[in-house]
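*Asks:* Have a look; sequence and predicted model below, questions after that.
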Amino acid sequence: MAQIRAVLCGYYGKGNGGDEALLATLLQMLPKTVTPIVLSGNCSETRQRYGVQVGDRMSALRVFQALQRSDVFIWGGGSLIQDTTSAISPLYYAGLMGMAQRLGLKTIAWAQGIGPLNRNFTRKIAKAAFTGCDAVSVRDRGSAQLLAEWQIPNVIAPDPVWALAGKPPKGVGDLPAPRVAICLRPHPQLTPERLNTLIQALKLFQTATDTFLLLLPFQAASDLTIAQQIHSQIPDHSKIVSLTDPRELKGVFEGIEMAIAMRYHALIMAAGAKSQCFALSYDPKVSQLMAEYEIPGWELSQLPEAASDIAQTWIERYANPSAFDKTQLQAIIDRAKIHQELLHSVLS
(Lines give C-alpha, C1' and ligand atoms only; values in the text may rest on other atoms or scores of the structure.)
Protein backbone atom coordinates (compact mmCIF):
# COMPACT_ATOMS: atom_id res chain seq x y z
CA MET A 1 0.00 0.00 0.00
CA ALA A 2 1.28 3.47 -0.90
CA GLN A 3 2.61 5.64 1.90
CA ILE A 4 0.48 8.58 3.03
CA ARG A 5 2.26 11.77 4.04
CA ALA A 6 0.64 13.55 6.98
CA VAL A 7 1.53 16.90 8.55
CA LEU A 8 1.06 16.81 12.34
CA CYS A 9 0.34 20.17 13.94
CA GLY A 10 0.26 20.91 17.65
CA TYR A 11 2.14 22.68 20.41
CA TYR A 12 5.16 20.47 19.77
CA GLY A 13 8.81 21.14 20.49
CA LYS A 14 7.95 23.79 23.07
CA GLY A 15 8.98 21.86 26.16
CA ASN A 16 5.48 21.07 27.41
CA GLY A 17 5.23 17.50 28.72
CA GLY A 18 1.51 17.22 28.08
CA ASP A 19 1.73 18.28 24.44
CA GLU A 20 4.76 16.04 23.90
CA ALA A 21 2.73 13.17 25.37
CA LEU A 22 -0.03 13.88 22.84
CA LEU A 23 2.52 13.79 20.00
CA ALA A 24 4.03 10.54 21.26
CA THR A 25 0.55 9.00 21.49
CA LEU A 26 -0.45 10.24 18.03
CA LEU A 27 2.70 8.72 16.54
CA GLN A 28 1.93 5.51 18.43
CA MET A 29 -1.62 5.42 17.00
CA LEU A 30 -0.95 6.35 13.36
CA PRO A 31 -1.34 3.57 10.78
CA LYS A 32 1.97 2.13 9.56
CA THR A 33 1.17 3.42 6.08
CA VAL A 34 1.48 7.03 7.29
CA THR A 35 4.75 8.98 7.08
CA PRO A 36 4.46 11.86 9.59
CA ILE A 37 5.93 15.33 9.16
CA VAL A 38 5.87 17.07 12.55
CA LEU A 39 5.69 20.86 12.80
CA SER A 40 7.90 21.64 15.77
CA GLY A 41 9.35 24.52 17.73
CA ASN A 42 12.55 22.48 18.21
CA CYS A 43 13.13 20.50 15.04
CA SER A 44 16.39 18.83 16.04
CA GLU A 45 15.00 17.61 19.36
CA THR A 46 11.77 16.30 17.78
CA ARG A 47 13.69 14.55 14.99
CA GLN A 48 16.11 12.94 17.42
CA ARG A 49 13.47 11.84 19.94
CA TYR A 50 10.92 10.36 17.55
CA GLY A 51 12.88 9.65 14.37
CA VAL A 52 10.44 11.60 12.20
CA GLN A 53 10.57 14.22 9.47
CA VAL A 54 10.11 17.73 10.86
CA GLY A 55 9.33 21.28 9.80
CA ASP A 56 9.78 24.59 11.60
CA ARG A 57 6.30 25.49 12.87
CA MET A 58 7.08 29.22 12.65
CA SER A 59 8.50 29.20 9.12
CA ALA A 60 5.67 30.01 6.71
CA LEU A 61 7.73 28.71 3.79
CA ARG A 62 8.60 25.39 5.48
CA VAL A 63 5.01 24.85 6.59
CA PHE A 64 3.63 25.60 3.11
CA GLN A 65 6.18 23.28 1.50
CA ALA A 66 5.26 20.50 3.93
CA LEU A 67 1.57 20.91 3.14
CA GLN A 68 2.22 20.98 -0.61
CA ARG A 69 3.92 17.58 -0.55
CA SER A 70 1.46 15.92 1.85
CA ASP A 71 -1.91 14.20 1.68
CA VAL A 72 -3.26 14.79 5.18
CA PHE A 73 -3.21 17.50 7.84
CA ILE A 74 -3.85 16.60 11.50
CA TRP A 75 -4.45 18.88 14.45
CA GLY A 76 -2.65 16.70 16.95
CA GLY A 77 -4.58 16.95 20.18
CA GLY A 78 -5.05 19.20 23.17
CA SER A 79 -6.32 22.72 23.78
CA LEU A 80 -5.20 24.23 20.49
CA ILE A 81 -8.41 26.12 19.82
CA GLN A 82 -8.84 28.43 22.81
CA ASP A 83 -8.39 32.13 23.32
CA THR A 84 -7.72 32.32 27.06
CA THR A 85 -3.93 32.41 26.87
CA SER A 86 -3.84 34.23 23.54
CA ALA A 87 -6.14 35.27 20.70
CA ILE A 88 -3.28 34.52 18.31
CA SER A 89 -3.22 30.78 19.05
CA PRO A 90 -6.58 29.91 17.42
CA LEU A 91 -5.71 32.14 14.46
CA TYR A 92 -2.48 30.20 13.92
CA TYR A 93 -4.02 26.73 14.11
CA ALA A 94 -7.22 27.62 12.25
CA GLY A 95 -5.14 29.38 9.59
CA LEU A 96 -3.09 26.24 8.95
CA MET A 97 -6.23 24.11 8.89
CA GLY A 98 -7.82 26.47 6.36
CA MET A 99 -4.69 26.43 4.19
CA ALA A 100 -4.61 22.63 4.24
CA GLN A 101 -8.26 22.46 3.24
CA ARG A 102 -7.75 24.91 0.36
CA LEU A 103 -4.82 22.79 -0.87
CA GLY A 104 -7.12 19.77 -0.98
CA LEU A 105 -5.61 17.74 1.89
CA LYS A 106 -7.73 15.48 4.03
CA THR A 107 -8.01 17.20 7.39
CA ILE A 108 -8.49 15.68 10.85
CA ALA A 109 -9.06 17.44 14.16
CA TRP A 110 -7.82 14.79 16.56
CA ALA A 111 -8.41 14.52 20.33
CA GLN A 112 -9.40 18.16 20.66
CA GLY A 113 -10.26 20.00 23.86
CA ILE A 114 -12.04 23.05 22.49
CA GLY A 115 -12.23 26.32 24.38
CA PRO A 116 -12.67 28.45 26.25
CA LEU A 117 -13.61 30.66 23.30
CA ASN A 118 -14.47 34.04 24.79
CA ARG A 119 -14.35 36.15 21.63
CA ASN A 120 -16.98 36.09 18.87
CA PHE A 121 -14.42 36.17 16.07
CA THR A 122 -12.46 33.20 17.46
CA ARG A 123 -15.70 31.21 17.76
CA LYS A 124 -16.50 31.96 14.11
CA ILE A 125 -13.00 31.00 12.99
CA ALA A 126 -13.11 27.79 15.03
CA LYS A 127 -16.52 26.82 13.68
CA ALA A 128 -15.37 27.32 10.09
CA ALA A 129 -12.20 25.28 10.65
CA PHE A 130 -13.99 22.34 12.27
CA THR A 131 -16.76 22.42 9.66
CA GLY A 132 -14.24 21.78 6.91
CA CYS A 133 -12.66 18.73 8.58
CA ASP A 134 -13.06 15.21 7.21
CA ALA A 135 -13.13 13.81 10.75
CA VAL A 136 -13.17 15.20 14.30
CA SER A 137 -12.56 13.56 17.67
CA VAL A 138 -12.78 15.32 21.03
CA ARG A 139 -11.73 14.39 24.55
CA ASP A 140 -14.47 15.94 26.70
CA ARG A 141 -18.22 16.48 26.82
CA GLY A 142 -17.96 20.26 26.68
CA SER A 143 -16.16 20.11 23.34
CA ALA A 144 -18.64 17.57 22.00
CA GLN A 145 -21.55 19.75 23.06
CA LEU A 146 -20.09 22.81 21.34
CA LEU A 147 -19.61 20.88 18.09
CA ALA A 148 -23.16 19.53 18.38
CA GLU A 149 -24.43 23.12 18.62
CA TRP A 150 -22.48 23.84 15.42
CA GLN A 151 -23.93 20.65 13.85
CA ILE A 152 -20.45 19.22 13.27
CA PRO A 153 -20.20 15.39 13.50
CA ASN A 154 -17.62 14.14 15.98
CA VAL A 155 -16.65 11.24 18.18
CA ILE A 156 -15.82 11.59 21.85
CA ALA A 157 -13.31 9.49 23.78
CA PRO A 158 -11.00 9.90 26.80
CA ASP A 159 -7.78 11.80 26.21
CA PRO A 160 -5.47 9.55 24.14
CA VAL A 161 -2.63 9.92 26.66
CA TRP A 162 -4.50 7.35 28.78
CA ALA A 163 -3.24 4.86 26.16
CA LEU A 164 0.35 6.13 25.90
CA ALA A 165 2.93 3.41 26.53
CA GLY A 166 5.30 4.56 29.27
CA LYS A 167 8.82 3.44 30.08
CA PRO A 168 10.68 3.70 33.40
CA PRO A 169 13.18 6.56 33.57
CA LYS A 170 16.69 5.80 34.74
CA GLY A 171 17.49 6.50 38.37
CA VAL A 172 14.02 7.29 39.67
CA GLY A 173 13.56 3.78 41.00
CA ASP A 174 16.62 4.29 43.22
CA LEU A 175 15.07 7.25 45.06
CA PRO A 176 13.59 6.73 48.54
CA ALA A 177 10.08 5.28 48.78
CA PRO A 178 7.19 5.73 49.22
CA ARG A 179 7.07 8.51 46.67
CA VAL A 180 4.56 11.28 45.97
CA ALA A 181 4.61 13.30 42.73
CA ILE A 182 4.05 17.07 42.86
CA CYS A 183 3.24 18.92 39.66
CA LEU A 184 2.47 22.63 39.98
CA ARG A 185 2.54 25.36 37.33
CA PRO A 186 2.37 29.16 37.35
CA HIS A 187 -1.06 30.71 36.99
CA PRO A 188 -2.65 34.00 38.05
CA GLN A 189 -4.83 32.09 40.52
CA LEU A 190 -1.72 30.57 42.11
CA THR A 191 -0.84 33.76 43.94
CA PRO A 192 2.37 33.99 46.00
CA GLU A 193 0.21 33.64 49.12
CA ARG A 194 -1.48 30.48 47.86
CA LEU A 195 1.81 29.00 46.70
CA ASN A 196 3.35 29.62 50.11
CA THR A 197 0.34 27.96 51.76
CA LEU A 198 0.72 24.93 49.48
CA ILE A 199 4.44 24.67 50.27
CA GLN A 200 3.73 24.80 54.01
CA ALA A 201 1.05 22.14 53.52
CA LEU A 202 3.51 19.95 51.61
CA LYS A 203 6.00 20.22 54.49
CA LEU A 204 3.33 19.09 56.96
CA PHE A 205 2.19 16.31 54.63
CA GLN A 206 5.72 15.01 54.04
CA THR A 207 6.50 14.96 57.76
CA ALA A 208 3.28 13.12 58.60
CA THR A 209 3.59 10.49 55.85
CA ASP A 210 7.41 10.18 55.69
CA THR A 211 7.17 10.23 51.90
CA PHE A 212 9.69 11.38 49.30
CA LEU A 213 8.45 14.12 46.99
CA LEU A 214 9.19 13.94 43.26
CA LEU A 215 8.89 17.47 41.89
CA LEU A 216 7.94 17.22 38.22
CA PRO A 217 8.18 20.36 36.07
CA PHE A 218 6.03 19.45 33.05
CA GLN A 219 7.22 22.59 31.27
CA ALA A 220 10.62 23.51 32.64
CA ALA A 221 10.54 27.07 31.34
CA SER A 222 7.59 27.85 33.58
CA ASP A 223 7.29 25.10 36.21
CA LEU A 224 10.92 24.74 37.29
CA THR A 225 10.95 27.86 39.45
CA ILE A 226 8.07 26.54 41.55
CA ALA A 227 9.75 23.13 41.86
CA GLN A 228 12.90 24.86 43.07
CA GLN A 229 10.94 26.83 45.66
CA ILE A 230 9.44 23.63 47.05
CA HIS A 231 12.78 21.80 47.03
CA SER A 232 14.45 24.64 48.93
CA GLN A 233 11.91 24.17 51.73
CA ILE A 234 12.12 20.34 51.79
CA PRO A 235 15.68 19.69 50.56
CA ASP A 236 16.28 16.32 52.24
CA HIS A 237 13.00 14.72 51.26
CA SER A 238 12.44 15.89 47.70
CA LYS A 239 14.09 15.85 44.28
CA ILE A 240 13.41 17.76 41.08
CA VAL A 241 12.98 15.23 38.26
CA SER A 242 13.16 16.93 34.87
CA LEU A 243 12.28 14.65 31.96
CA THR A 244 11.82 15.57 28.31
CA ASP A 245 10.72 12.19 26.92
CA PRO A 246 6.95 11.94 27.55
CA ARG A 247 7.11 8.15 27.69
CA GLU A 248 9.55 8.43 30.61
CA LEU A 249 7.39 11.12 32.17
CA LYS A 250 4.48 8.71 32.15
CA GLY A 251 6.75 5.97 33.48
CA VAL A 252 7.53 8.05 36.59
CA PHE A 253 3.96 7.63 37.78
CA GLU A 254 4.27 3.83 37.80
CA GLY A 255 6.43 4.13 40.90
CA ILE A 256 4.48 6.58 43.04
CA GLU A 257 1.76 6.28 45.66
CA MET A 258 0.04 9.62 45.08
CA ALA A 259 0.09 12.68 42.83
CA ILE A 260 -0.83 16.24 43.74
CA ALA A 261 -1.10 18.09 40.46
CA MET A 262 -2.35 21.11 38.56
CA ARG A 263 -1.30 19.81 35.16
CA TYR A 264 -4.06 18.03 33.24
CA HIS A 265 -1.86 15.29 31.79
CA ALA A 266 -0.06 14.73 35.09
CA LEU A 267 -3.41 13.73 36.57
CA ILE A 268 -4.15 11.44 33.61
CA MET A 269 -0.74 9.80 33.84
CA ALA A 270 -1.08 9.29 37.59
CA ALA A 271 -4.62 7.93 37.39
CA GLY A 272 -3.51 5.68 34.54
CA ALA A 273 -0.83 4.25 36.84
CA LYS A 274 -3.55 3.52 39.47
CA SER A 275 -2.07 6.13 41.79
CA GLN A 276 -3.99 8.28 44.23
CA CYS A 277 -4.69 11.67 42.70
CA PHE A 278 -5.48 15.09 44.08
CA ALA A 279 -6.19 17.92 41.66
CA LEU A 280 -5.70 21.66 41.98
CA SER A 281 -7.78 23.09 39.15
CA TYR A 282 -6.89 26.29 37.32
CA ASP A 283 -8.80 25.52 34.11
CA PRO A 284 -12.19 24.10 33.02
CA LYS A 285 -10.45 21.11 31.42
CA VAL A 286 -9.03 20.08 34.81
CA SER A 287 -12.39 20.61 36.50
CA GLN A 288 -14.10 18.48 33.83
CA LEU A 289 -11.51 15.73 34.33
CA MET A 290 -12.13 15.81 38.09
CA ALA A 291 -15.89 15.51 37.59
CA GLU A 292 -15.76 12.77 34.98
CA TYR A 293 -13.35 10.50 36.86
CA GLU A 294 -14.26 11.49 40.42
CA ILE A 295 -10.79 12.85 41.16
CA PRO A 296 -10.83 14.80 44.44
CA GLY A 297 -9.40 18.26 44.62
CA TRP A 298 -10.05 21.98 44.84
CA GLU A 299 -10.48 24.85 42.46
CA LEU A 300 -7.49 27.09 43.12
CA SER A 301 -9.87 29.97 43.76
CA GLN A 302 -11.40 27.93 46.62
CA LEU A 303 -8.18 26.68 48.18
CA PRO A 304 -8.42 26.51 51.99
CA GLU A 305 -6.50 29.29 53.70
CA ALA A 306 -4.93 27.11 56.40
CA ALA A 307 -1.98 24.92 55.40
CA SER A 308 -2.91 22.48 58.16
CA ASP A 309 -6.36 21.93 56.62
CA ILE A 310 -4.85 21.25 53.20
CA ALA A 311 -2.27 18.88 54.63
CA GLN A 312 -4.88 16.97 56.63
CA THR A 313 -6.97 16.43 53.50
CA TRP A 314 -3.94 15.10 51.62
CA ILE A 315 -2.98 12.85 54.54
CA GLU A 316 -6.47 11.35 54.61
CA ARG A 317 -6.37 10.78 50.87
CA TYR A 318 -2.97 9.12 51.16
CA ALA A 319 -4.09 6.89 54.05
CA ASN A 320 -7.34 5.85 52.39
CA PRO A 321 -6.43 4.92 48.82
CA SER A 322 -9.11 4.88 46.17
CA ALA A 323 -7.91 4.36 42.61
CA PHE A 324 -9.16 2.71 39.44
CA ASP A 325 -9.13 -1.06 39.52
CA LYS A 326 -7.66 -2.99 36.60
CA THR A 327 -11.01 -3.45 34.84
CA GLN A 328 -12.00 0.22 35.13
CA LEU A 329 -8.63 1.40 33.87
CA GLN A 330 -8.63 -0.97 30.92
CA ALA A 331 -12.10 0.25 29.95
CA ILE A 332 -10.82 3.85 29.88
CA ILE A 333 -7.77 2.87 27.83
CA ASP A 334 -9.93 0.92 25.38
CA ARG A 335 -12.22 3.93 24.92
CA ALA A 336 -9.20 6.23 24.46
CA LYS A 337 -8.25 4.06 21.50
CA ILE A 338 -11.35 5.34 19.70
CA HIS A 339 -9.05 8.20 18.65
CA GLN A 340 -6.85 5.56 16.99
CA GLU A 341 -9.82 3.95 15.27
CA LEU A 342 -10.78 7.33 13.80
CA LEU A 343 -7.28 7.74 12.36
CA HIS A 344 -7.38 4.29 10.80
CA SER A 345 -10.86 4.79 9.37
CA VAL A 346 -9.75 7.92 7.52
CA LEU A 347 -6.18 6.99 6.64
CA SER A 348 -6.20 3.24 5.98
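*Replies:* It's in.

*Asks:* ok, residue 112 touching residue 78?
*Replies:* Yes: counting by CB atoms under 8 Å, residue 112 sits close enough to residue 78 to count as a contact (7.5 Å). Using the backbone N, CA and C atoms, a C-beta is placed for each residue, glycine as well.

*Asks:* quick one, phi/psi of the closest residue to residue 218 other than its chain neighbours?
*Replies:* Leaving out its chain neighbours, the residue that sits closest to residue 218 by CB to CB, 6 or more residues apart in numbering is residue 17, at 3.8 Å. For residue 17, the backbone dihedrals (degrees, to the nearest 10) come out as phi -60, psi -40.

*Asks:* tell me the pLDDT at residue 17?
*Replies:* What the model reports for residue 17 is a pLDDT of 96.

*Asks:* which residues in the stretch 201-348 of the chain form strands?
*Replies:* Taking DSSP state E, counting those that start in this stretch to define them, one finds strands in the stretch 201-348 of the chain at 212-215, 238-240, 258-261, 276-281, 297-299.

*Asks:* For the fourth one, buried residues please.
*Replies:* Read it as strand 276-281. Using 16 or more other CB atoms under 10 Å as the test for burial, strand 276-281 gives 276, 277, 278, 279, 280, 281.

*Asks:* Farthest-apart pair in those, please.
*Replies:* Maximum pairwise distance in the buried residues of strand 276-281, criterion CB to CB, is 16.7 Å, between 276 and 281.

*Asks:* contacting residues around residue 290?
*Replies:* Going by CB atoms under 8 Å, 6 or more residues apart in numbering, residue 290 touches 279, 281, 296, 297.

*Asks:* distance of the third one from residue 166?
*Replies:* Separation of residue 296 from residue 166 (CB to CB, to the nearest Å) stands at 24 Å.

*Asks:* More neighbours: those two, which one.
*Replies:* Per other CB atoms under 10 Å, whichever of residue 296 and residue 166 has more neighbours is residue 166, with 21 against 14.

*Asks:* which residues does the spatially closest residue to the more buried one that is not a sequence neighbour contact?
*Replies:* Closest residue to residue 166 apart from its sequence neighbours, by CB to CB, 6+ apart: residue 250 at 3.4 Å. For residue 250, the contacting residues are 21, 161, 164, 165, 166, 167, 269, 272, 273, by CB under 8 Å, 6+ apart.

*Asks:* try 10 Å this time
*Replies:* 17, 21, 24-25, 161, 164-169, 243, 265-266, 268-270, 272-273 (CB atoms under 10 Å, 6 or more residues apart in numbering).

*Asks:* What strand or helix carries residue 74?
*Replies:* Here residue 74 sits within strand 72-78, counting by DSSP states H and E.

*Asks:* What segments of the protein are helices?
*Replies:* Ranges of helices in the chain, per DSSP state H, are 17-29, 43-50, 60-68, 88-102, 120-131, 141-149, 192-209, 220-233, 246-252, 264-272, 284-293, 307-319, 326-336, 338-347.

*Asks:* Thanks a lot, catch you later.
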